[in-house]
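Asks: Kindly return the folded structure for what I paste below:
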Amino acid sequence: MKRWLLLLLPLGFVGIALFFYQGLGRDPTARDSALMARAFPAFEAVTLEDANRRVDETLLRGEVTLVNVWGEWCPACKQEMPQLLELADHGIRMVGVNYRDRREKGRAFLDEYGDPFELNIFDPEGSLGFDLGVYGAPETFLVDADGVIRYHHKGYIAPSDVQARILPEVEKWR
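Replies: Now for the predicted structure:
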């Protein structure tokens, strides 16, 4: 019996090592959102701008909207702000989700880098981000006029993404 155990242990170790090695080559941003073609998750929250103003998922109905998850603490969010301002200049409606942040830091960020958002949902605990499956800011979701998620952009929106990815997706769902 000991001989079989001595043979199985190295084989088991090799099998587990191969499993983990295979995962090293995968791009974590290449995954699709589990919410694709589903309604934006139900939520109720206050806005970053006004702690007394409550909003919910109905905010995202009636017009194609880019929902961008961002935080003051996020270096890539600072890098992508010029692209978001450019998208706003194209007349695209945008709603921000200030994710795992403090209100005063979020406001200071927008004062410094610009504010392309119609409003910002304040998500200090990250509960809306969790419901969206966010694994790190920034992430952007395109929501159609019926409140259904149609596109998910993982990571920061690079300058080349504006023309190559974001604008075509917005036009497809307008």
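Asks: ok, then the element right after the lowest-mean-pLDDT helix or strand in the chain?
Replies: When the helices and strands of the chain are scored by mean pLDDT, DSSP states H and E, helix 2-24 comes last with a mean of 63. The helix or strand immediately downstream of helix 2-24 is strand 44-46, counting by DSSP states H and E.
Asks: What pairs with that following strand, parallel or antiparallel?
Replies: strand 54-56 (antiparallel) (DSSP bridges).
Asks: I'd like to know the beta-bridge partner residues of the residue nearest in space to the middle of the chain.
Replies: For the chain, the residue nearest the mean C-alpha position is Glu139 (2.4 Å; CA atoms, centre = their mean). Beta bridges link Glu139 to Val69, Lys154 when assigned by DSSP bridges.
Asks: Verify the contact between Leu119 and Val97 for me.
Replies: No: using CB atoms under 8 Å, Leu119 is not in contact with Val97; the gap is 10.3 Å. Glycine gets a C-beta too; all of them are placed from N, C-alpha and C.
Asks: Neighbour count: these two, which is higher?
Replies: Val97 (29 against 16; other CB atoms under 10 Å).
Asks: Tell me who's in contact with that one.
Replies: Val97 makes contacts with Val67, Asn68, Val69, Trp70, Asn120, Ile121, Asp123, Leu128, Gly129, Leu132, as judged by CB atoms under 8 Å, 6 or more residues apart in numbering.
Asks: Against Gly71, how distant is the fifth one?
Replies: Remark: distance between Asn120 and Gly71 (CB to CB, to the nearest Å) = 11 Å.
Asks: Which residue of the two possesses the greater neighbour count?
Replies: Higher neighbour count among Asn120 and Gly71: Asn120, with 26 against 23, using other CB under 10 Å.
Asks: Nearest residue to Glu80 in space, please, no chain neighbours.
Replies: Tyr156 (4.1 Å; CB to CB, 6 or more residues apart in numbering).
Asks: I meant Asp131, not that one.
Replies: Leaving aside its sequence neighbours, Asp131 sits nearest to Pro41 (CB to CB, 6+ apart; 4.0 Å).
Asks: ok, Glu118 touching Val95?
Replies: Yes: assessed by CB under 8 Å, Glu118 is found in contact with Val95 at 5.8 Å.
Asks: Compare these two (neighbour count), which wins?
Replies: Set side by side, Glu118 and Val95 show more neighbours around Val95, with 19 against 13, by other CB under 10 Å.
Asks: In which helix or strand does the more buried one reside?
Replies: Per DSSP H and E, Val95 falls inside strand 93-99.
Asks: Next secondary structure after that strand?
Replies: Taking DSSP H and E, what comes next after strand 93-99 is helix 103-113.
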